[in-house]
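S.K.: quick check, what structure comes out for this input:
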Amino acid sequence: MRIVRAASVVLVVGLLGLLVWDVAHGGGGGIAAKVDKGESVKAPNVSLPWLGRKGDFSLAAYRGKVVVLNFWASWCVDCKLEAKTLHDEAARWKGKDVVFVGVDSTDSDSAASRYIKRYGMNYPVVRDVNGDLGTKFGVTGFPETFIVDKQGDIVPPHVDGPIVSAADFSPAKLQQTLTRLAS
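M.R.: Residues are numbered from 1 along each chain as shown. Predicted structure coming up:
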């Protein structure tokens, strides 16, 4: 019995040490953590395949436009809750200097395509198959939304949760932020 207890203590201490090491050496939450502190962060170079069309999405190609990047997954309940708001805002800003781009990283192409059709996503979607972009951005769950300004900086606010219910980023707040950045 002593051996089992000793092994348990060693395991717990080892896991605790690993956690401390990860916190000390981690990326600090990536871009999300910095934006949450009110900082603007230069957007990383991004090149990801489009879902449902040929070619790759390049964030740099959208300099001069405001880009709303929404990380989502087809199984995410909160993503479904905000789908109508994103649909409506993408339609409102179509043809202006604001572009909405969905980022899906956890679904098969078929699951993502079914979600897009069911929720009427009227903006393009890219595949972050390995989750590399999500890791750079510090995405910890779905949905998460980031705004990239015309100069290519990721600016506050970052929304960790559905736009429809986040007190700091309601549909009205989204409209206000985009109006400020697009002018």
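S.K.: look at the residue most central in space within the chain and give its secondary structure.
M.R.: Centroid check for the chain by C-alpha atoms, centre = their mean gives residue 71 as the closest residue, at 3.4 Å. Classification of residue 71 using DSSP: H, G, I helix; E, B strand; the rest coil returns strand.
S.K.: is it bridged to anything, and to what?
M.R.: Note on residue 71: beta-bridge partners by DSSP bridges are residue 103, residue 144.
S.K.: strands along the chain, start to end?
M.R.: Taking DSSP state E to define them, one finds strands in the chain at 41-42, 47-49, 56-58, 66-72, 98-104, 125-127, 144-148, 153-160.
S.K.: same list (those strands) but as JSON lines, adding mean pLDDT.
M.R.: Shown next, in JSON lines, are the strands of the chain (pLDDT from 0 to 100):
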{"stretch": "strand 41-42", "mean pLDDT": "94"}
{"stretch": "strand 47-49", "mean pLDDT": "93"}
{"stretch": "strand 56-58", "mean pLDDT": "94"}
{"stretch": "strand 66-72", "mean pLDDT": "96"}
{"stretch": "strand 98-104", "mean pLDDT": "96"}
{"stretch": "strand 125-127", "mean pLDDT": "96"}
{"stretch": "strand 144-148", "mean pLDDT": "95"}
{"stretch": "strand 153-160", "mean pLDDT": "91"}
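S.K.: which one of the ones you listed lies nearest to residue 3?
M.R.: Each of the strands of the chain has some distance to residue 3 by C-beta to C-beta; the shortest is strand 153-160, at 43.7 Å. C-betas here are computed from N, CA, C, even on glycine.
S.K.: for the closest one, list every residue counted as buried.
M.R.: 154-160 (16 or more other C-beta atoms under 10 Å).
S.K.: show me which pair in these is furthest apart.
M.R.: Between any two of the buried residues of strand 153-160, the greatest separation by C-beta to C-beta is 15.3 Å, found for 155 and 160.
S.K.: was I right to think the residue nearest to the centre of the chain contacts residue 101?
M.R.: No: the criterion here is C-beta atoms under 8 Å, and residue 71 misses it with residue 101 at 10.1 Å.
S.K.: dump the residue contacts of residue 44.
M.R.: Listed by C-beta atoms under 8 Å, 6 or more residues apart in numbering, the contact partners of residue 44 are 31, 59, 133, 136.
S.K.: let's see which of these end up in helices.
M.R.: In this view, the contacts of residue 44 that belong to helices under DSSP state H are 31, 133, 136.
S.K.: nearest to residue 112 among those residues?
M.R.: residue 133 (15.0 Å).
S.K.: so what's the residue count around that closest one?
M.R.: As a burial measure, residue 133 scores 22 neighbours (other C-beta atoms under 10 Å).
S.K.: what do you get for the one 5 residues further on?
M.R.: Residues contacting residue 138 under the criterion other C-beta under 10 Å number 22.
S.K.: check residue 151 too.
M.R.: 12.
S.K.: go ahead and confirm residue 156 touches residue 36.
M.R.: Yes: in this structure residue 156 lies within contact range of residue 36 using C-beta under 8 Å: 7.5 Å.
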